[in-house]
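>>> Need coordinates for the following:
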Amino acid sequence: MHEHPDAPISKKAKYNWIPDFVYGGIDGAVTTFAVVAGVEGASLSVGIILILGFANLFADGFSMSIGKYLSDKSQKEQFEKIRDIEFRHLIEKPERERQEVEEIMALYGFKGKDLKRATEIITSNPEGWVDIMMRREFNMTQENVDPIKGGIATFIAFVCIGFIPLMAYLFKPAFGLSDSHTFIATCISTLTALFAVGAIKSRFSVRNWIVSGLETALIGGLAASIAYFIGLLLKTLVG
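Down below sits the predicted model:
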C-alpha cells in the first residue's frame, strides 16, 4: 500500500467568495443601520451619527473579518490534523481500519462478495479510504474555505454594504435634505440593499428569492426599530 499524507482528498475547488460577501454585507448593513436608528431615536446631531456610524463600520467590520479568519483557520487546521492521524492509522493499523471500512459498507447494504469487493476498492485508494473514515467517524468533509480570502471578502462586504445607511447623512448638504427626509432616505436605501443581498443569499438555499429578500429586510428593519426606540427611551430618561 502506498500512502500520500500530503495529498488532497479531492481536487480543491476554486474558493467561492460570494457566501462570505453576502453574510458580511448583511451584518454590515444591519449593525450600521441600527446605530443610525439609535442615534436618530435619541435626536442627536448628524455629526454624532457619522462619527458613531463610521466607527462602528470599520471597527465591527475588522472584528467580524478577524473572527471569520480565525474560525476558518481553526476549522482547516482541525480537519488537517485529524486527516493526518487517519493516514497514520492506515500505516500503523491497516487491518483494523480495513475492518472499519467493511463495517461501514455493510451499513450501506453490501453483503458477501460485494462487501469484500467494495472494501477492496475503497482500501486500494488511501485518499478515498481516509475520506470515508473521516465522513463516517468524525462527520467531517473537506470544506472549500480560505481563511485569508474569507476574512477579506467579509471585511469588504461589511464596509461596502454597511456604508449605505450613512450615505444620505454624508451627502445631506449636497442634496439639501431635511433631517426627516434624510432618515427616510436612509431607511429606504438600506432596506432595499438588505432585500437585494437577501435575494442573493437564496442562491445558497432552497428558499424563494423574494421570501429570502423580504426576511433579510425585515430582520434589518426590526433591529433598527429596536435601536430607535432604545435611543428614544434613553433620551427621555437622560433628558
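
>>> Which secondary structure element of the chain has the lowest mean pLDDT?
Within the chain, no helix or strand scores below helix 126-137, which has a mean of 85 by mean pLDDT, DSSP states H and E.

>>> per-residue pLDDT, residue 239?
Note on residue 239: pLDDT of 60.

>>> can you check residue 181 too?
For residue 181, pLDDT reads 93.

>>> which element is it on?
In the assignment (DSSP states H and E), residue 181 maps to helix 179-201.

>>> Beyond the lengthiest helix in the chain, next helix or strand please.
Secondary structure of the chain per DSSP state H: the longest helix is helix 46-92. On the C-terminal side of helix 46-92, the closest following helix or strand by DSSP H and E is helix 94-107.

>>> how about that next one as PDB, C-alpha atoms only?
Output of helix 94-107 as PDB, limited to C-alpha atoms (Å, rounded to 0.1, in the frame of the first residue of the first chain):
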ATOM      1  CA  PRO A  94      -4.200  -1.300   8.400                       C
ATOM      2  CA  GLU A  95      -6.300  -4.400   9.300                       C
ATOM      3  CA  ARG A  96      -8.300  -2.600  11.900                       C
ATOM      4  CA  GLU A  97      -9.000   0.300   9.500                       C
ATOM      5  CA  ARG A  98      -9.900  -2.100   6.800                       C
ATOM      6  CA  GLN A  99     -12.400  -3.800   9.100                       C
ATOM      7  CA  GLU A 100     -14.000  -0.400   9.900                       C
ATOM      8  CA  VAL A 101     -14.500   0.200   6.200                       C
ATOM      9  CA  GLU A 102     -16.100  -3.200   5.800                       C
ATOM     10  CA  GLU A 103     -18.500  -2.400   8.600                       C
ATOM     11  CA  ILE A 104     -19.300   0.900   7.000                       C
ATOM     12  CA  MET A 105     -20.000  -0.700   3.700                       C
ATOM     13  CA  ALA A 106     -22.300  -3.200   5.400                       C
ATOM     14  CA  LEU A 107     -24.300  -0.300   6.700                       C
END
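
>>> can you tell me the average pLDDT over that helix?
So the average pLDDT for helix 94-107 ends up being 87.

>>> So what's the gap between it and the chain middle?
From the chain centre to the centre of helix 94-107 is a distance of 35 Å (CA atoms, centre = their mean, to the nearest Å).

>>> Likewise for stretch 141-150?
11 Å.

>>> For residue 128, give its distance to residue 82.
16 Å (CB to CB, to the nearest Å). C-beta: built from backbone N, CA, C; applies to glycine.

>>> Equivalent analysis for residue 213, please.
39 Å.

>>> So between the two, which is more surrounded?
Per other CB atoms under 10 Å, whichever of residue 213 and residue 82 has more neighbours is residue 213, with 22 against 16.

>>> Buried residues, the helix or strand harbouring the more buried one. List them.
Using DSSP H and E, residue 213 maps to helix 209-238. Under the neighbour-count criterion of 16 or more other CB atoms under 10 Å, helix 209-238 has 209, 212-217, 220-221, 223-224, 227-228, 231-232 buried.

>>> counting contacts, what elements does the longest helix of the chain pack onto?
Packing partners of helix 46-92 (3 or more CB pairs under 8 Å, 6 or more residues apart in numbering; DSSP states H and E): helix 18-41, helix 94-107, helix 126-137, helix 147-162, helix 164-170.

>>> Just want the angle from it to helix 18-41.
150 degrees (axes from the mean of the first three to the mean of the last three CA atoms, to 10 degrees).

>>> How far away from the center of its chain is helix 46-92?
For helix 46-92, the distance to the chain centre is 10 Å (CA atoms, centre = their mean).
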